[in-house]
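Sequence first, then the predicted structure, then my questions.
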Amino acid sequence: MSLDHEFYLISKSTDIKEFWMHREKNNSVIDSVVIHDDMVQYIMDSLEWIPSKNPSLNGNPIDRGINYHGVTLFDKRSSETLISIFSSWKSLIKHAPDQFELTGEFVYGEADNRDGDYKKLVFNRDEVMFTI
């Protein structure tokens, strides 16, 4: 089962609750991108540097990073850092071979007494370049 993260560029005047209820047919979407969870996990540390807002918390407080299990809002203040981080990852990945491996999370063996290993994440460079 593949887990993907959806990112939408919408206007500031968009009602967030209404948007999520009808996002497939919503005319307020300016652009969107879907990034696989393995890639999001791999770059997560750098995403923590991006100023953001979490609309699920009272008062929509200023925060950093993404709300991994929910909605994250980025505004004009976020844009410079957001663009810089994704441009840097894109610049790095464009030098990868057509198919490349990254080291993922540590996974324990089937029984707790067996050694585990790091998950190997396999990506297609052109697909990743398209999404970032």
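Yep, it's here.

any idea of the pLDDT on the spatially most central residue of the chain?
The centroid of the chain falls nearest to Val40 when counting by Cα atoms, centre = their mean (4.4 Å). Here the pLDDT value assigned to Val40 is 94.

Surely it touches Val33?
No. Contact criterion Cβ atoms under 8 Å: Val40 and Val33 do not qualify, at 11.3 Å. Any C-beta I mention is one placed from the backbone N, CA and C, and that applies to glycine too.

count of neighbours near Gly65?
A count of neighbours around Gly65, defined by other Cβ atoms under 10 Å, yields 16.

Give me the contact list for the strand or helix carrying the residue nearest to the centre of the chain.
Element membership of Val40, judged by DSSP states H and E, is helix 37-47. Residues outside helix 37-47 that contact it (Cβ atoms under 8 Å, 6 or more residues apart in numbering): 2-5, 65-66, 68, 85, 88-89, 102, 104-105, 121, 123, 128, 131-132.

buried sites along that helix?
Within helix 37-47, the residues scored as buried using 16 or more other Cβ atoms under 10 Å are Asp38, Met39, Val40, Gln41, Tyr42, Ile43, Leu47.

so how far is Ile10 from the fifth one?
Tyr42 sits 26 Å away from Ile10, going by Cβ to Cβ, to the nearest Å.

Helix, strand, or coil at Leu82?
helix (DSSP: H, G, I helix; E, B strand; the rest coil).

how close does the closest residue to it other than its chain neighbours sit to Val40?
Once flanking residues are discounted, Leu82 sits nearest to Ile50: 5.2 Å by Cβ to Cβ, 6 or more residues apart in numbering. Distance, Ile50 to Val40, using Cβ to Cβ: 13 Å.

what do the two both touch?
Ile66.

Would you map the helices across the protein?
For the chain, helices defined by DSSP state H occupy the ranges 16-21, 37-47, 76-93, 125-131.

Alright, that wraps it up for me.
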